[in-house]
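Asks: Any chance you can model this:
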Amino acid sequence: MSARMARMTLAAVVVTAFVVPVAAQFVVYDPDNYLEAVAQYEQMLEQYRFLLKQAERVPVDIAARYHAHSIDWTNHAAAAGLQFAGPLLAALNQGDIAGAAYRALVDPLDLPLDIVDRMPAAMRRRFGTAYATVELFDSMTRLAVDQTGSARTDGPPTLQAIKNVEHDIANPADAFHSQTALLEKINAAEAIGLRLEEQTNQFLMSSLEQQLLEGKRKRDAEAQLMNATIYQWRFGQNYGQDLFRHTAADLDAWRPY
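Replies: So this is what the prediction gives:
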């Protein structure tokens, strides 16, 4: 190798040794990309601070401050000395879809099939209207007794579910607090509303039971009058046409209460 060729080779090696490291360390600076990265970082930091603020608890004891009290569901107890009301009270506790307990405590309606055809058309219509009133009351009352018992049966589990909701709202564990403090207060208010609705339902049920009792008294009076009318029509031919005329007038002026 000539001296000139050796010098050229050495020069190429030296240039390569200096050029390659410099190229590897060279970084291109883009102001637009840098500003965008800074803006994204500030946005992420602001979101993080917002999440931390939303995760803060209400500075009060939620369990004590927002707890609402309501009465527990109660059943009709088999009081000492009751001789005949037990089955109906049991139906008001548990429900009675067949209505057997109610029918056992009311005067049964006499079936007028053998005397309806003997009535004049106008009398048959008035009689049917009065008779249907008692039938409708019996059907509605049997349904009300069953629904009251069913509601009383379902009441304790429903009340327990409401208590569970209230407990989870006030639970101090972090796992129960993924919502914001505002949502915690809203949930607590909803739990109070549920309790108040539950208590209102109990009061309404007590009022319904009193109305059922009063309605039963009126119904028994109507049924007794209806049965007496049927009896007169069945065996009243010996009394003549005046009996039938008076019976029709009585039905027109019938006022059970």
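
Asks: Residue ranges in the stretch 151-257 of the chain under the pLDDT threshold?
Replies: Applying pLDDT under 70 to the stretch 151-257 of the chain flags the ranges 174-182, 185, 236-257.

Asks: what are the ranges of the helices in it?
Replies: With DSSP state H, counting those that start in this stretch as the criterion, the stretch 151-257 of the chain has helices at 181-235, 241-252.

Asks: Of these, which stretch is the most buried?
Replies: The highest average neighbour count among the helices of the stretch 151-257 of the chain, using mean count of other CB atoms under 10 Å, belongs to helix 181-235 at a mean of 15. Every residue, glycine included, has its C-beta placed from N, CA and C.

Asks: returning to what we had before: is it possible to get the helices of the stretch 151-257 of the chain out as CSV so that each row also shows distance to residue 42?
Replies: Putting the helices of the stretch 151-257 of the chain into CSV (distance: least, CB to CB, whole Å) gives the following:
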stretch, distance to residue 42
helix 181-235, 25
helix 241-252, 89
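
Asks: and of the ones you listed, who's closest to residue 126?
Replies: Set against residue 126 and scored by CB to CB, the helices of the stretch 151-257 of the chain come closest in helix 241-252, at 4.9 Å.

Asks: Which residue lies nearest the spatial centre of the protein?
Replies: The residue lying closest to the centre of the chain (CA atoms, centre = their mean) is residue 158, at 8.1 Å.

Asks: So it versus residue 84, what's the distance?
Replies: Computed as CB to CB, to the nearest Å, the residue 158 to residue 84 distance reads 32 Å.

Asks: Kindly report the same for residue 70.
Replies: Applying CB to CB, the value for residue 70 to residue 84 is 33 Å.

Asks: So for these two, which residue has more residues nearby?
Replies: residue 70 (17 against 8; other CB atoms under 10 Å).

Asks: does the more buried one sit in a helix, a strand or a coil?
Replies: Following DSSP: H, G, I helix; E, B strand; the rest coil, residue 70 is assigned to coil.

Asks: That one and residue 160 touch, don't they?
Replies: No - with contacts counted by CB atoms under 8 Å, residue 70 stays clear of residue 160, the gap being 11.8 Å.

Asks: Please name the nearest non-neighbouring residue to residue 91.
Replies: Leaving aside its sequence neighbours, residue 91 sits nearest to residue 101 (CB to CB, 6 or more residues apart in numbering; 3.9 Å).

Asks: Local confidence estimate at the one you found?
Replies: pLDDT for residue 101: 94.

Asks: in what helix or strand does it lie?
Replies: Assigning secondary structure by DSSP states H and E places residue 101 in helix 100-103.

Asks: how far out from the middle of the chain is the helix or strand just after that helix?
Replies: Using DSSP H and E, the helix or strand that follows helix 100-103 in sequence is helix 113-116. Centroid displacement of helix 113-116 relative to its chain, using CA atoms, centre = their mean, to the nearest Å, is 47 Å.
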